[in-house]
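> Sharing a sequence plus its predicted fold:
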Amino acid sequence: MSQFSNPTLTNEQCRLARMARDRRFDGMFFIAVKTTGIFCRPICPANSPKEENVDYYQSAATALHAGYRPCKRCHPDSAPSSWRWLGVETTFQRAINEIEQGYLQQNAIPSLAEKLGISDRYLRALFERYLGLSPKQYALYQQLMFAKSLIHNSQLSMTEIGFAAGFNSTRRFNDAFIKALKISPTDLRKNKQPAHKNTLSLAVRTPYDWRHMLEFYRLRAIAGVEKVEDNQYSRTCIINGSRAWFAVDFTPLEKGEFTIEVEFDLEDIRQLKNLVHNLRRMLDVDSDIHAIETTLSRLEPRLIIRSGIRIPGVWSAWEAGVRAILGQQVSVKAAIGQLNLLTATLGTHREMVFPTPQAIHESDINFLRMPISRKETLKRFAAHIIAHPDSSPDSWLSIKGIGPWTVNYAKLRGLSEPNCFLDGDLIVKKTVSQFPKVNKQSVSPWGSYATFHCWSHA
């Protein structure tokens with residue numbers, strides 16, 4: 001019997017996908033085997049169980065909550081995130097996002113409910129309706145699955161893994177791990193050959209045009225902050241006030257398989273989950289590209305000339321906003337020149353990082369070679385972010401000098417929203433003139449991907 005409280009797949013679709021071991025469904029559902037008490041990914045290499053012995057779950061958390069243990073062969077903790085809540089209430093999706101970023105590790109349920117603008121009773125009701133468990137339980141299972149992936153993919157100590165996963169003590173980490181996964185963390189690591197220290201892998205939905213991603217980053221890299229090599233992108237950043245560095249390696253594996261290897265260095269190991277969460281967004285590893293490209297190809301078969309194009313994100317909406325302001329009415333090369341000058345002059349920390357809103361607001365930026373009006377816009381933007389750090393880019397329209405293009409660019413690259421079609425962009429306009437069926441309405445809800453495919457025609 002399916003355990004999908006808000007199904008996007010039928011039992012028959014799940015059966016066919018698991019029998020075919022179809023990678024396109026990896027992460028979209030999990031297979032629990034009643035006779036073994038184990039749950040797996042659809043691509044698990046183990047012998048397929050009989051259908052009468054199978055339950056389907058929409059998330060690893062719900063399978064854990066039902067008492068199943070994760071498979072040691074296919075590692076459900078390494079599966080890509082799914083689109084399992086597509087179409088359900090926006091408030092619930094926001095709650096999931098906040099929890100997966102670790103909000104409940106430092107705050108209580110009423111605080112999360114207040115941030116979402118609802119009562120804590122309604123928040124609990126949403127989780128019961130869609131997942132059949134409480135927000136706290138969901139948060140705990142996310143912590144445990146993240147810890148399990150670190151045990152397999154790093155040489156971090158168990159103490160470091162516990163703190164990285166959001167536990168305040170090693171004892172609490174061990175107790176929770178044993179209770180949910182029926183094995184201790186140290187026993188799970190026994191006889192394993194973990195990867196190089198401070199590395200982990202990101203599962204990716206294929207196809208993935210990693211060369212397009214690197215080419216896009218290379219043209220826009222900020223000297224001293226970002227570095228792009230043959231198969232690698234690296235950069236420095238600040239996470240909740242502490243320095244971080246990461247390098248992502250895009251080397252493909254054999255047999256058409258693909259994962260992204262991440263090396264990292266953090267001042268505060270507790271920020272690792274935030275790093276991973278933002279990397280998954282930046283590199284757009286979880287999108288169902290097959291479904292997206294099928295929809296766009298039906299609209300206009302000639303639009304897609306490169307399969308697997310993703311949204312190349314930047315570290316934050318603030319950075320995307322600054323990039324957009326400096327890029328107004330100038331070439332990419334000219335905009336990067338100004339970004340390099342800005343960062344070299346105002347970048348902070350022991351290693352160069354992207355300037356903070358405070359640094360720009362408190363500094364004389366007349367060294368920038370651009371119109372005075374644009375400098376004033378940048379100053380006003382910095383002041384706005386200082387006063388409203390969590391504001392939506394839509395609110396930036398109230399700032400003099402910021403228009404829809406700047407806002408949509410920030411939403412596209414800073415938030416990685418899937419439906420930002422930049423129909424005001426010159427290259428997009430030129431491409432659309434060849435494809436009259438392509439417009440903002442027709443490409444929805446995949447406007448962002450349509451934008452990048454339009455740019456690929458340049």
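Structure received.
> Could you use CA atoms for every contact and neighbour count after this?
Fine.
> And the helices in the stretch 301-450 of the chain?
Ranges of helices in the stretch 301-450 of the chain, per DSSP state H, counting those that start in this stretch, are 317-326, 332-346, 357-361, 372-387, 404-413, 426-432, 447-455.
> Please convert these to a markdown table, extending it with distance to Tyr103 and mean pLDDT.
Below are the helices of the stretch 301-450 of the chain laid out as a markdown table (distance: least, Cα to Cα, whole Å; pLDDT from 0 to 100):
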| stretch | distance to Tyr103 | mean pLDDT |
| --- | --- | --- |
| helix 317-326 | 19 | 96 |
| helix 332-346 | 30 | 93 |
| helix 357-361 | 23 | 94 |
| helix 372-387 | 21 | 97 |
| helix 404-413 | 22 | 94 |
| helix 426-432 | 38 | 94 |
| helix 447-455 | 28 | 96 |
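> need these in JSON lines with distance to Leu144 and mean neighbour count, can you?
Below are those laid out as JSON lines (distance: least, Cα to Cα, whole Å; neighbours: other Cα atoms under 10 Å):
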{"stretch": "helix 317-326", "distance to Leu144": "29", "mean neighbour count": "22"}
{"stretch": "helix 332-346", "distance to Leu144": "38", "mean neighbour count": "18"}
{"stretch": "helix 357-361", "distance to Leu144": "35", "mean neighbour count": "18"}
{"stretch": "helix 372-387", "distance to Leu144": "34", "mean neighbour count": "18"}
{"stretch": "helix 404-413", "distance to Leu144": "30", "mean neighbour count": "23"}
{"stretch": "helix 426-432", "distance to Leu144": "44", "mean neighbour count": "17"}
{"stretch": "helix 447-455", "distance to Leu144": "33", "mean neighbour count": "24"}
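> So for Leu299, which of the ones you listed sits nearest?
When those are compared by Cα to Cα, helix 447-455 sits nearest Leu299, at 10.7 Å.
> Residues contacting the closest one, please?
Helix 447-455 is contacted from outside by 292, 296, 303-306, 309-311, 412, 417-423, 427-428, 431-432, 440, 443, using Cα atoms under 8 Å, 6 or more residues apart in numbering.
> run the last query once more with 6 Å
The contact list for helix 447-455 (Cα atoms under 6 Å, 6 or more residues apart in numbering) reads 418-421, 428, 431.
> for stretch 391-405, same thing?
377, 407.
> after the longest helix along the chain, next one along is what?
Across the chain, the longest stretch assigned as helix under DSSP state H is helix 135-153. Downstream of helix 135-153, the first helix or strand assigned by DSSP states H and E is helix 158-164.
> Could you list every helix and strand in contact with that next one?
helix 170-181 (3 or more Cα pairs under 6 Å, 6 or more residues apart in numbering; DSSP states H and E).
> Quick one: mean pLDDT for the helix it packs on?
Mean per-residue pLDDT for helix 170-181: 94.
> next one: the helix or strand just after it to chain centre, how far?
Where DSSP H and E defines the elements, the next helix or strand beyond helix 170-181 is helix 185-189. Distance of helix 185-189 from the chain centroid (Cα atoms, centre = their mean, to the nearest Å) equals 28 Å.
> So which elements touch helix 185-189?
With contacts taken as 3+ Cα pairs under 6 Å, 6+ apart, helix 185-189 sits against no other helix or strand.
> Where does the prediction get shaky in the stretch 151-300 of the chain?
191-197, 254-257 (pLDDT under 70).
> in it, which spans are strands?
Counting by DSSP state E, counting those that start in this stretch, the stretch 151-300 of the chain has strands at residues 199-203, 226-228, 232-239, 242-249, 259-266.
> Parallel or antiparallel, which strands does the third one pair with?
With DSSP bridges as the criterion, the sheet partners recorded for strand 232-239 are strand 226-228 (antiparallel), strand 242-249 (antiparallel).
> Using CSV, write out every CA atom in that strand.
Taking Å, rounded to 0.1, in the frame of the first residue of the first chain, the C-alpha atoms of strand 232-239 are listed here in CSV:
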residue,chain,number,x,y,z
GLN,A,232,36.3,22.4,-10.9
TYR,A,233,34.6,25.5,-9.4
SER,A,234,35.7,26.9,-6.0
ARG,A,235,35.1,30.0,-3.9
THR,A,236,35.1,31.5,-0.5
CYS,A,237,32.0,32.7,1.3
ILE,A,238,30.6,33.6,4.8
ILE,A,239,28.0,31.4,6.4
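> who's in contact with Cys71?
38-40.
> Roughly how far does Leu303 sit from Thr295?
11 Å (Cα to Cα, to the nearest Å).
> who's more crowded, those two?
Leu303 (21 against 17; other Cα atoms under 10 Å).
> Next, name the residue at the spatial heart of the chain.
Arg281 (2.2 Å; Cα atoms, centre = their mean).
> residues in contact with that one?
No contacts exist for Arg281 under Cα under 6 Å, 6+ apart.
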